[in-house]
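Enquirer: need a structure here:
(one chain, ligands or ions: 2)
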Amino acid sequence: MARIIAVANQKGGVGKTTTAINLSASLASANLNTLLVDCDPQSNASSGVGLGKDPDRNNTYKVLVGDCDAISALQPTALERLFVLPAHKNLVGVNFELVDANEREFRLRNALNTLREKFNFIVVDCPPALDLLTLNSLVAADSVLITMQAEYFALEGISELLDTIERIRGVLNPTLEIEGVLLTMFDERTNLAQQVTAELKRFFGEKVFSTTIPRNVRLAEAPSHGKPVLLYDEKSRGAESYLQLAKEIIARRMPGFVAFPEPETESTNGEEKRVVNASRWRGWRERNKLITMDLKG
Ligand SMILES: Nc1ncnc2c1ncn2[C@@H]1O[C@H](COP(=O)(O)OP(=O)(O)OP(=O)(O)O)[C@@H](O)[C@H]1O
Ligand SMILES: [Mg+2]
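Expert: Ligands and ions are numbered 1, 2, ... in the order given. Got it, this is the predicted structure:
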């Protein structure tokens, strides 16, 4: 049964989509069947895994208004085990068209429940608003992953998000958890980053992921090639950090499951460096490509 994780923060540009794409690609690379759900009319998660704009394709809008089944809207990606439920800009219409519809907050939950047994993880990319789309995502989700930048006002918008989560727990989804708080575009060298991290840890405690995502140009470039960073530059710090995040989540949610080969140390010119053993790494990648998933099964 899939664990459904919504990546949310109503603040714009804090790394939600980058995280949704690269976390789901990293989970898929660990041989876990993963679905990326694009629940943002900007459709950046869809284009980020290589899907062009196509208004006729089945998409999140059609699923939410009941024009098609969720399963018929899934698209394969370049990663064998990663599928995407794409969005189109018409998704914004859900916010007005479903205002008076019955069960309007449960549309995504009902749709994803039909897919739960086919996947290990379902990652939902939310828009930068506390609108009906984010509400649907939080009602469908088992947990919410909050992305944040280490800025001075980082915590300000968060209380509104936490209030929303509390209200959803009260009525619509009592078991909604916080998966964790992820610091993105992080520069550990600055004092500000250290201060904000300390404050976040006081506030969220254990919920702050030990993994942080550094600012890395490869992460910003990859979407213009329609690829997760793993397929664009797998050796980049960006790729490494999202693999680390996947590992942290897998260790917590699937104890005993060995996701990736452990890095080993190698000494070049007397300098110790952590590397991943090349042949094991290749084996891991090949295994991932060879195993196909039968969606109809
Ligand atoms: N770790 C990073 N290093 C460098 N650039 C990044 C990183 N994370 C995100 N970016 C870039 O920052 C911008 C915003 O990131 P992203 O689109 O993931 O945020 P978002 O929260 O999904 O935005 P929105 O609220 O508009 O949906 C993008 O141009 C993205 O490529
Ligand atoms: Mg986004």
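Enquirer: So which residues of the stretch 101-250 of the chain form strands?
Expert: 121-125, 143-149, 177-184 (DSSP state E, counting those that start in this stretch).
Enquirer: Now the last one - C-alpha only, PDB.
Expert: Meaning strand 177-184. Taking Å, rounded to 0.1, in the frame of the first residue of the first chain, the C-alpha atoms of strand 177-184 are listed here in PDB:
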ATOM      1  CA  GLU A 177       1.100  13.400   9.800                       C
ATOM      2  CA  ILE A 178       4.000  15.800   9.200                       C
ATOM      3  CA  GLU A 179       6.500  13.800   7.200                       C
ATOM      4  CA  GLY A 180       9.200  16.300   7.900                       C
ATOM      5  CA  VAL A 181      10.500  19.800   7.300                       C
ATOM      6  CA  LEU A 182      13.100  20.100   4.500                       C
ATOM      7  CA  LEU A 183      15.500  23.000   4.100                       C
ATOM      8  CA  THR A 184      16.100  23.700   0.400                       C
END
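Enquirer: Could I get the buried residue list for that strand?
Expert: 179-184 (16 or more other C-beta atoms under 10 Å). C-betas here are computed from N, CA, C, even on glycine.
Enquirer: With stretch 165-176 instead?
Expert: Within stretch 165-176, the residues scored as buried using 16+ other C-beta under 10 Å are 165, 168, 172-173, 176.
Enquirer: Could you list which of those also contact ligand 1?
Expert: Checking the buried residues of stretch 165-176 against ligand 1 by C-beta under 6 Å from any ligand atom, not one of them is in range.
Enquirer: Which pair in those has the greatest spatial separation?
Expert: Ile165 and Leu172 (10.7 Å; C-beta to C-beta).
Enquirer: Now do the shared contacts for the two.
Expert: Overlap of the contact sets of Ile165 and Leu172 (by C-beta atoms under 8 Å, 6 or more residues apart in numbering) consists of Leu138.
Enquirer: Pipe the strands of the stretch 101-250 of the chain into a markdown table and attach distance to ligand 2 per row.
Expert: Listed next are the strands of the stretch 101-250 of the chain as a markdown table, based on distance: least, C-beta to the ion, whole Å:
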| stretch | distance to ligand 2 |
| --- | --- |
| strand 121-125 | 6 |
| strand 143-149 | 9 |
| strand 177-184 | 11 |
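Enquirer: Quick one: the buried residues of stretch 165-176 as a markdown table, columns for pLDDT too.
Expert: Below are the buried residues of stretch 165-176 laid out as a markdown table (pLDDT from 0 to 100):
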| residue | pLDDT |
| --- | --- |
| Ile165 | 96 |
| Ile168 | 97 |
| Leu172 | 96 |
| Asn173 | 98 |
| Leu176 | 98 |
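Enquirer: Out of those, flag the one nearest to ligand 1.
Expert: Ile165 (17.3 Å; C-beta to the nearest ligand atom).
Enquirer: which residues of the stretch 151-297 of the chain fall in helices?
Expert: Along the stretch 151-297 of the chain, counting by DSSP state H, counting those that start in this stretch, helices occupy 158-171, 191-204, 217-221, 229-232, 237-253, 278-290.
Enquirer: Quick check: which of the ones you listed is buried the most?
Expert: Most buried of these by mean neighbour count (mean count of other C-beta atoms under 10 Å) is helix 229-232; its value is a mean of 22.
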